[in-house]
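In: Below are the sequence and a predicted model; questions follow.
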Amino acid sequence: MASVDAKIAARKARTRHRTALKRVTRLARTRARLAGHRHRGSRYLRVVAAWSTRRLVRHAKRLKRSVRHLRLTGGAPNVAIPPQLKAIAYCESHGNPRAVSSTGKFRGLFQFDYRTWATVGGKGDPAAAPTIEQYRRAAMLYHRAGAAPWPVCGR
């Protein structure tokens, strides 16, 4: 009877380990995608497969926090925000991060159109993005093209 219980316990332990391993690899893949990095799947799997279930669970919690943070900031890198952007934001939308033009084409603090927003890595509606993400994306665009994307306010 004891050997049957031991086999059941061992099977449950293997299942818990396999589940934790799947969760960690999925979160690591998501984190790499959001951060714009390349995930090294098989190499990563070889390393974490040897970890205990307890360590995998702790690592999954850290990865989940990291993914949540990247989703909140849009995964935008920490780009230096030039002081000119504050003036551009005020000129474009009077500092309103939810501003939408009368035609609905230009949206958010810097009046991005969807195409420009996507070229700097933005997802979804620019007006729905957090203010800090709008600043980061605008800084990325400013570093790439200067004030040219804002022909009136960028002078």
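Out: Cool, the structure landed. Residues are numbered from 1 along each chain as shown.

In: what about residue 51, which SS state?
Out: At residue 51 the chain is in coil, as set by DSSP: H, G, I helix; E, B strand; the rest coil.

In: From residue 12, how far off is it?
Out: Applying Cβ to Cβ, to the nearest Å, the value for residue 51 to residue 12 is 18 Å. Where C-beta positions appear, they are placed from N, C-alpha and C, glycine not excepted.

In: quick one: which of the two has more around it?
Out: residue 51 (16 against 10; other Cβ atoms under 10 Å).

In: check contacts around the more buried one.
Out: Shown in contact with residue 51 (Cβ atoms under 8 Å, 6 or more residues apart in numbering): residue 59.

In: List phi and psi for the residue lying closest to residue 96 once chain neighbours are set aside.
Out: Once flanking residues are discounted, residue 96 sits nearest to residue 109: 7.1 Å by Cβ to Cβ, 6 or more residues apart in numbering. With angles defined as degrees, to the nearest 10, residue 109 sits at phi -60, psi -40.

In: ok, now how distant is residue 109 from residue 86?
Out: Taken as Cβ to Cβ, the span from residue 109 to residue 86 is 10 Å.
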